Each structure stands twice: as structure tokens, then as C-alpha cells.
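S.K.: quick one: sequence plus predicted model below, questions after.
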2 protein chains.
Amino acid sequence: MKVTIRNAVREDMPEVLQLIKELAFFEKEPDAVEVTVAELEDAGFGATPRFQCFVAESSKGLVGMALVYFRYSTWKGRTLHLEDLIVTESMRGKGIGSLLYKRVLEHAQELNVKRVNWEVLDWNEGAIQFYKRSGATIMDDWRPVAMTKEALNKFLEE
Amino acid sequence: MKVTIRNAVREDMPEVLQLIKELAFFEKEPDAVEVTVAELEDAGFGATPRFQCFVAESSKGLVGMALVYFRYSTWKGRTLHLEDLIVTESMRGKGIGSLLYKRVLEHAQELNVKRVNWEVLDWNEGAIQFYKRSGATIMDDWRPVAMTKEALNKFLEE
């Protein structure tokens, strides 16, 4: 089956949200997705775009996506963050993830950023080996930290 | 000594860069800082601002800083990332880090973001305990991944 990688358009967001929900299920947090199609449309294609999205399209519709945005490293300067790279389960193992990954890295090269960053679950051995083989580094001694809106409201009230 | 937290201005960037270099030394990567004052000025105060910076100022000059920017979570929506929170060594233990931390969380509350994220070194026990006490979560099963410009150029050449 022919699969094409292209820039996402606003009309892709319903299918993109389905892919996001599928990834959350895979990562064992099926109820974590709170964003809506309207929010994705606004964040991606509104007055202040907050991400850029690439999609993998087959004759059956969208089968994968990658979503990126800029970050800023105080050591290196402008960098790109890969928030999600998703291939729908029935289409895995066909090289579509590699096509999306390559497109993201080409995009980073076009933008001339200093680095690309993302995050991986420590039990996702297949992904870790794929990333290492491609030349990426797993930063084993760093941990992401998150504070929810509810937690910070509580902290500031005290 | 009186310390005030305020928004950084362009003229603060030389002192901010000194603080960035001090943090890199503390994190055992003294040669990792490649950004220049001119780059920080452009990235913070140019046509496309890529971060917002808060500084802690005493009569001796800047003694700390915190630097943040937006990210986008495909699960939650717009979030804030805390890239650096630095207090100069001679001024640690006086509550200045807490003042900067609180200012960042107030900023997040004003912006109504869904979450604040940052990263911590797994050996920095003091910081980890401080973050946990404040209501943040250490995401123990996630690892940051990085691919340098050089590595991605090599990958794309192959």
C-alpha cells in the first residue's frame, strides 16, 4: 500500500486526534487525552500556531502522524521538540514510522535547529534501540517533571 | 539583602548568560554553552520571542534567573516549560530559588496553561525533594532523548 508523508492541514485534525488517543492507550493512559478537535485546529492553524504536524496518508486515510514545535535551549539555542510520533497499530512494521521520523529530521535540518528532543518510555525497548541506532542519545540521568494546573493552583493558595 | 523578582529586559542578557554558564558548570558540562549574548537578546526580545525570562536582582546585580517558554501537549493542550532555574552559588539557601519558582508558577496560572514541565538530574536529591513537596511529579519511567544537529545530518546523509 502506498503511503505518502505530507504536511497536515486543518481538516486532518479529527483523524489526528484519533491517532493521539490510540497512542495514549498504548502508553497505558487511555483517559489522559483532554484536547478536542477544535483545540487542535486552533493550536495548529489559528492565529498563533503552536505546532507543526506531518501525516502519513494511505488510500484508507491517515495511518500515522508526527507533531513538532520549537523549544529553546539556553546552552544551544533554538531546538525542535518531537512531541508525538504515532503509527496506527494495524500499519506498524511497514516502515511508516521511519518515514515520519526521517521527515521530522529533514524538517529540523531545513530549520537549522541545533538539536531535536523527544521523550521515550523506559520500557519501550524497540523504540530506544531504533533511536540509538539512528544517532540519538538517551539521557539516562535526567527525569521529566510535571506539575498539573490543579497542583500549581494548590501550591499558590498555600 | 533585598532581592526583587522582575521580568528580564534585553540589557540583562550578559548577566543571564553568566548564570547559564554557572549552571552548566554545576551540571558537570562546563563547555556545553554555545549561545552568545547577541543570540539571547534576539531570541528573547527580537521579532519572534522564543522565551520569557524572570530575574532575581539584588543591590549586587542579578543573582538568579528562570527561563520559560510554551510547549504543546497533544493530551492536555498548551503547557509551559521551565528550561532553567538558577541561583548563583553564593546566594543559595536564602529562599531566592523559591521566589523564582513561585513567580514561574504564578506566570503559568496567569497564562492558564494546563501543566508546567521541566527536567531534573536524577542525582539532584535536594531539587527532587523540593519539587515533590511542592506538588510536582517526577516522571520516573520517561527518558529525555536528544539528537544533535551533527547526528541528524549524518543520519540523513546515509
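M.R.: Nice, thanks for sending it over.

S.K.: could you point out the longest helix of chain A?
M.R.: helix A:96-111 (DSSP state H).

S.K.: who touches the helix or strand just after it?
M.R.: Using DSSP states H and E, the helix or strand that follows helix A:96-111 towards the C-terminus is strand A:115-121. Contacts to strand A:115-121, defined as Cβ atoms under 8 Å, 6 or more residues apart in numbering or on different chains, come from residues A:27, A:71, A:73, A:76, A:79-83, A:85, A:104-105, A:108, A:127-128, A:131, A:136, A:138, A:144, B:141-149, B:152. Every C-beta, even on glycine, is put in place using the N, C-alpha and C of the backbone.

S.K.: rewinding a little: in the longest helix of chain A, what counts as buried?
M.R.: Buried positions in helix A:96-111, judged by neighbour count with 16 or more other Cβ atoms under 10 Å in any protein chain shown: A:96, A:97, A:99, A:100, A:101, A:102, A:103, A:104, A:105, A:107, A:108, A:109.

S.K.: which strand is the longest one in chain A?
M.R.: strand A:61-73 (DSSP state E).

S.K.: need the CA coordinates for that one. CSV is fine.
M.R.: Taking C-alpha atoms only, strand A:61-73 is exported to CSV below (Å, rounded to 0.1, in the frame of the first residue of the first chain):
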residue,chain,number,x,y,z
GLY,A,61,-6.9,7.6,5.3
LEU,A,62,-4.4,8.7,7.9
VAL,A,63,-2.2,5.9,9.3
GLY,A,64,0.3,8.0,11.2
MET,A,65,1.4,11.4,12.3
ALA,A,66,4.3,13.3,13.9
LEU,A,67,3.9,16.6,15.7
VAL,A,68,6.7,19.0,16.5
TYR,A,69,7.3,22.5,17.9
PHE,A,70,10.2,24.8,18.7
ARG,A,71,11.9,24.9,22.1
TYR,A,72,14.8,27.0,23.3
SER,A,73,17.9,25.6,24.9
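
S.K.: which strands or helices does it pack on?
M.R.: Contact partners of strand A:61-73 among helices and strands, from 3 or more Cβ pairs under 8 Å, 6 or more residues apart in numbering or on different chains; DSSP states H and E: helix A:13-26, strand A:52-58, strand A:77-87, helix A:96-111, strand B:61-73, strand B:77-87.

S.K.: of all the ones you listed, which one is nearest residue A:156?
M.R.: strand B:77-87 (13.9 Å; Cβ to Cβ).

S.K.: residue A:128: what's it in contact with?
M.R.: A:120, A:122, A:138, B:143.

S.K.: just the angle for the longest strand of chain A relative to strand B:77-87, thanks.
M.R.: 20 degrees (axes from the mean of the first three to the mean of the last three Cα atoms, to 10 degrees).

S.K.: angle of strand A:61-73 against helix B:13-26?
M.R.: Using the same axes, to 10 degrees: strand A:61-73 against helix B:13-26 is 100 degrees.

S.K.: so in that sheet, which strands flank strand A:61-73, and in what orientation?
M.R.: If you go by DSSP bridges, strand A:61-73 pairs up with strand A:52-58 (antiparallel), strand A:77-87 (antiparallel).

S.K.: as TSV, these with mean neighbour count, distance to residue B:90 and mean pLDDT would be great.
M.R.: Converted to TSV, these look like this (neighbours: other Cβ atoms under 10 Å in any protein chain shown; distance: least, Cβ to Cβ, whole Å; pLDDT from 0 to 100):
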stretch	mean neighbour count	distance to residue B:90	mean pLDDT
strand A:52-58	20	43	98
strand A:77-87	21	28	97
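
S.K.: rebuild those as JSON lines, extending it with distance to residue B:66.
M.R.: Output for those, formatted as JSON lines (distance: least, Cβ to Cβ, whole Å):
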{"stretch": "strand A:52-58", "distance to residue B:66": "27"}
{"stretch": "strand A:77-87", "distance to residue B:66": "18"}
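
S.K.: out of those, nearest to residue A:21?
M.R.: Closest among those, using Cβ to Cβ: strand A:77-87, at 9.8 Å.
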